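S.K.: Need a 3D model of the following:
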Amino acid sequence: MSIRSITDTEFAHFQRFIFDAAGISMADAKKALVMGRLSKRLARYDLDSFGAYFQLLTSGHHPEEVQMAVDLLTTNETYFFRENKHFEFLRAQALAARVRSQPYRVWSAASSSGEEAYTMAMVLADVMPGLPWEIIGTDISTRMLEGACRGLYTLERGRHIPVAYLQRFCRKGIQEYDGHLLIDRSLRSHVSFVYANLNAPLPELGQFDMVFLRNVMIYFNLATKREVVARVLATLKPGGYFCVGHSESLSDITQAVQAVAPSIYRKPD
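M.R.: Reported below is the predicted structural model:
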């Protein structure tokens, strides 16, 4: 069956769909992305138009397909040690925290397929051997969370991992896993992945010493940014640090934290 191109009206329906589901404001330029990511789902249900697929999503009869559509439309590219300055900052803060007894806790608030959370874990395992620490990764995509829990990646995805960390924290796949790396079990034991929609009340996650919310707010309008940041900052301990993407800023979003470096903020004691 031939699938018709998405019309402006159909695209507007999906813009509203993803805004209602995740608070994401999808630009008009994303029409090709929507077609590319959802066309296989139309084929799966033998549908010839995006309007018919939208009707299926809103019928109330396919909640699992609604989650699938959200997963497909919210997945973002990530990789190990992306924007490495933040991980160097994490290293410095973890070194300073080694004198205390309570666990050092960090939240990867949009963890996608898990590379950010495992990068955090490599840094903390290196800096805090024998000391208590914990990483929480959350995402709106259940498909991404399932993959993150496995900790299995292609070798190409690990190209930015320092060689010493590759040797220490990763296992090279063999046989059917040839061409892949697996995050070592001892490292994975410190990392938990939990479903969370940042545009809704959060699950009980506890308090954190540092939160990464990077390269996500570019998809939100100003009102949504303010709501999400307020929700996330409520989990940050006084004196804790909040990192956003290098192209992002909190200057017009909140006054609850103070800039200490570009894209790095501190919550007052």
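S.K.: just checking, Phe17 touches Leu56?
M.R.: No. Judged on CB atoms under 8 Å, Phe17 makes no contact with Leu56 at a distance of 11.7 Å. (Each C-beta comes from the backbone N, C-alpha and C, glycine too.)
S.K.: higher neighbour count, these two?
M.R.: The residue with more neighbours, out of Phe17 and Leu56, is Phe17; 20 against 17, by other CB atoms under 10 Å.
S.K.: elements contacting the lengthiest strand in the chain?
M.R.: The residue-count maximum for a strand in the chain (DSSP state E) belongs to strand 236-244. Applying 3 or more CB pairs under 8 Å, 6 or more residues apart in numbering; DSSP states H and E, we find strand 236-244 packed against helix 85-96, strand 208-213, strand 264-266.
S.K.: For Arg44, find the nearest of these.
M.R.: strand 208-213 (33.0 Å; CB to CB).
S.K.: Contacts for the closest one next, please.
M.R.: 86, 90, 93, 97, 104-110, 116, 120, 136, 198, 228-229, 232-233, 235-237, 240-244 (CB atoms under 8 Å, 6 or more residues apart in numbering).
S.K.: helix, strand or coil for Leu56?
M.R.: helix (DSSP: H, G, I helix; E, B strand; the rest coil).
S.K.: What of the one 5 residues further on?
M.R.: Reduced to three states with three-state DSSP, the structure at His61 is coil.
S.K.: And it, how close does it get to Glu134?
M.R.: Taking CB to CB, to the nearest Å as the measure, His61 falls 40 Å from Glu134.
S.K.: Who has more neighbours out of these two?
M.R.: Between His61 and Glu134, counted using other CB under 10 Å, Glu134 has the larger neighbour count: 18 against 8.
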